[in-house]
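Visitor: Return atomic coordinates for the entry below.
(one chain, ligands or ions: 1)
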Amino acid sequence: MSKLIIANWKMNPATVEEAVELARATDQEHLIICPPFIFLEELSRIIDKGQLGAQDLFWEGDTGAFTGEISPEELKNLDVTHVIIGHSERRQNLGETNEMVAKKIATAIETGLIPILCVGETLEQKESGHREVVIQEEIAVALDGVESDQPIYIAYEPIWAISTNPNAEPDKPENTLEVISFIKKVVQEVNPEILSQLKFLYGGSVNSKNASEFLQHDEIEGALIGGASLQAEELNKILNEVS
Ligand code: 13P
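Guide: Below is the predicted model of the structure:
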C-alpha cells in the first residue's frame, strides 16, 4: 500500500529547535511535511527521505509588492514541492474565498508546485443537507479552466471532523468514498480533461488507530493529518503502515 501522508503542522511548533527535532524524528518516504513558512529553510536542509510542502502561497508567481505573502518561486527555491490550498482554517479565519483559492491553484500548477486543494463542509451545512452544494461550488470554482499534466490532490476535510473543533469525530470511510465519487462527477462536468490527474486524500482526526480504515481503499490515496502529525510516535506508526 503506497500512500501519501501530508503532515499539516498548522501553527506549530513554537521554535525552530522543536521543528527540527520533529522533522528528524519523522522523516520518511511517503511523508510530506508542511511546516509554518519560517521553518521551511531549516527543514529543507535536513529532510532527506520525505518531501517539503507549504501551507499556502500567493497567486503572484515571482516577487513583488505583496506584504506578508510568499510566492511560489520563493517556495520552490526552498525545495518545496507541494502546497496546501484553501484549508478550511484559512477560509474561516481569513476569509479566503473560492475565487482566491482558484487563483492559487492556477498559480501553483503554472509554477510546477503540486496543489493539495482542501474542500469540506461545516457541521451546520452537513446537518442542513448542504454538503453537496458547498463541495460542488468549492470544486467547480477552483478547478474550472485548469490545465495540468501533473497530479492535483484533493483533500476531503469535513470541518466537523477536524480534531480541534468541538466534538470532532473522524468521518466514516464510506462517506468519504461517497464524497470522492461526487467530486469526480463535478469535475466530469466542469473540467473532464483533468479527471485523470486527480488524487484524493482524507483529512480529519486521522490517527494510528483509524488511518488504515481509510487508506485500505484504493480511491483514498493518502491522508492529510494535523494533530497526530505533531506526535512523532503516532505519525511513525501511520507511516509504517503505508510504506
Ligand atoms: P486533524 O488531523 O488534527 O483533525 O487536522 C486535520 C487537518 O485540518 C489537516 O489539514
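Visitor: which bits of this structure sit near the ligand?
Guide: 8, 87, 157, 162-164, 203-206, 224-228 (CB under 6 Å from any ligand atom). For every residue, glycine as well, the C-beta is placed using N, CA and C.
Visitor: And these, which is closest to the ligand?
Guide: Among those, G226 lies closest to the ligand (CB to the nearest ligand atom), at 2.4 Å.
Visitor: Skip the chain neighbours and tell me the closest residue to that closest one.
Guide: Excluding the flanking residues, the one nearest G226 by CB to CB, 6 or more residues apart in numbering is N8, at 5.1 Å.
Visitor: just G203 next, same as before
Guide: In this structure, G203 finds its nearest non-sequential neighbour in L224, 3.3 Å apart by CB to CB, 6+ apart.
Visitor: just T122 next, same as before
Guide: In this structure, T122 finds its nearest non-sequential neighbour in I159, 4.7 Å apart by CB to CB, 6+ apart.
Visitor: still on that earlier bit, now, of the residues of the chain next to the ligand, which are buried?
Guide: Buried subset of those (neighbour count, 16 or more other CB atoms under 10 Å): 8, 87, 157, 162-163, 203-206, 224-228.
Visitor: returning to that earlier point: name every strand pairing with the helix or strand hosting the residue nearest to G203 and say which way it goes.
Guide: Secondary-structure assignment from DSSP states H and E places L224 in strand 222-225. Strand pairing for strand 222-225, determined by DSSP bridges: strand 4-8 (parallel), strand 198-203 (parallel).
Visitor: surely I220 meets S181?
Guide: No - counting by CB atoms under 8 Å, I220 does not reach S181; the two are 11.9 Å apart.
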